[in-house]
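K.L.:
show me how the following folds:
(one chain, ligands or ions: 1)
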Amino acid sequence: MVQHPKSLGRATEVNWLLADGETDERAAKNLQKARQRRETLSRFAREAELAASIVHQLNQPLASILANAQAAKRWLVAESPSLMEAIAAMDRIVRDAHGAGETMKRIRAVFKQERLDKKEANVVAMMRDAVRFVLEDTSRRRVPIEWHCDENLPKVYVDPLAIQEIFINLASNAMEALENAKAPLIVIRAAVTHIDEMLVQVVDNGPGICDPEEIFDAFVTTKKSGLGVGLTVSRSIAEAHGGRLWAENNQAGGATFYLALPLSLGNR
Ligand code: ADP
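P.N.:
Presented below is the predicted three-dimensional model:
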């Protein structure tokens, strides 16, 4: 039977459709496989990166603890022993052991959401405590801080230790960003900006941020001895409180970190 060119055309079209359907299915499967492979690879890459970060973070204090323990021993068994020098070396051991413990705590926090212990708390008092804690590290550059916080701010219903962790991260990062600034300045603002929300801003006049969203990803750091988890943990704490944490570059230079916290029902 001689086929009409039109029907031949239509038959071919149907075949094409079938073939397309098959190709689509195969393509979708391939895409799925490629996606799974990429996810596995990036998980391996992240795990390898994490392992390298942990090794790096703990190697430094361990090497320093070993060196100071040996030094303390030498000072004690020397012909003319020095108790003062031995005690100074031991103090450095205690400092480094605390530092290593703190690193482990932060790594654990990335993987595990601690239970929140919420209570009514004063945001400004929490920020002042956090800044005081950051300034206890005497190796840090003293940066002037301007406080612009509304008077009579309502209290927020939060886990104070967790929220302080955010402020400690933001203040430490701002101070580190200002290490080489000529006229460094940090401005801290807090105000009720919406009927149900308080907004805290930590503003610095440092170099600003390359990618204000990527810095919240785990293990993203530009610091030699950074772990790159401070902001990841901080954002997850903010979100666990029903809040938000984000960053923007300032027009005049530097960066601003914003923390929005919901007001407790009684304070709206
Ligand atoms: P870490 O401090 O260990 O690097 P973070 O998660 O706290 O980890 O910060 C990630 C990165 O975000 C930093 O390494 C830095 O590059 C960038 N960053 C954070 N805060 C600031 C800031 N105030 N100014 C410029 N860059 C910042």
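K.L.:
all the helices of the stretch 1-150 of the chain, residue numbers only.
P.N.:
5-77, 83-111, 123-135 (DSSP state H, counting those that start in this stretch).
K.L.:
state the mean pLDDT of the first one.
P.N.:
For helix 5-77, the mean pLDDT works out to 68.
K.L.:
which parts of the stretch 101-250 of the chain sit against the ligand?
P.N.:
169, 173-174, 177, 204, 206-207, 209, 215, 220-223, 226-232 (C-beta under 6 Å from any ligand atom). (Each C-beta comes from the backbone N, C-alpha and C, glycine too.)
K.L.:
ok, now which ones touch the spatially most central residue of the chain?
P.N.:
Central residue of the chain (C-alpha atoms, centre = their mean): Leu231, 1.8 Å from the mean position. Going by C-beta atoms under 8 Å, 6 or more residues apart in numbering, Leu231 touches Asn169, Asn173, Ile215, Phe216, Leu245, Ala247.
K.L.:
tell me the secondary structure at it.
P.N.:
Secondary structure assignment for Leu231 (DSSP: H, G, I helix; E, B strand; the rest coil): helix.
K.L.:
just the pLDDT at it, thanks.
P.N.:
At Leu231, the predicted lDDT confidence score is 92.
K.L.:
and what of Ser80?
P.N.:
92.
K.L.:
that one: neighbour count?
P.N.:
Residues near Ser80, counting by other C-beta atoms under 10 Å, number 5.
K.L.:
cool, and the one 3 residues further on?
P.N.:
Other residues within reach of Leu83, judged by other C-beta under 10 Å, total 9.
K.L.:
for Ile215, see how far away it is.
P.N.:
46 Å (C-beta to C-beta, to the nearest Å).
K.L.:
can you map out the strands along the stretch 101-250 of the chain?
P.N.:
119-121, 145-149, 156-158, 186-194, 197-204, 244-249 (DSSP state E, counting those that start in this stretch).
K.L.:
I'd like the mean pLDDT over the second one, please.
P.N.:
Rounded to a whole number, the mean pLDDT of strand 145-149 is 95.
K.L.:
for Ala247, grab the count of nearby residues.
P.N.:
20.
K.L.:
wait, which of the strands of the stretch 101-250 of the chain is closest to Met104?
P.N.:
With C-beta to C-beta, the closest approach to Met104 among these belongs to strand 244-249: 23.3 Å.
K.L.:
counting neighbours, which bits of the closest one end up buried?
P.N.:
Leu245, Ala247 (16 or more other C-beta atoms under 10 Å).
K.L.:
elements contacting it?
P.N.:
Secondary structure elements in contact with strand 244-249, counted by 3 or more C-beta pairs under 8 Å, 6 or more residues apart in numbering; DSSP states H and E, are helix 230-240, strand 255-262.
K.L.:
in terms of mean pLDDT, which of the ones you listed ranks lowest?
P.N.:
helix 230-240 (a mean of 89).
K.L.:
and that helix, how far out from the chain middle?
P.N.:
Mean C-alpha position of helix 230-240 versus that of the full chain (C-alpha atoms, centre = their mean, to the nearest Å) differs by 7 Å.
K.L.:
please apply the same query to stretch 153-160.
P.N.:
On C-alpha atoms, centre = their mean, the centre of stretch 153-160 falls 22 Å from that of its chain.
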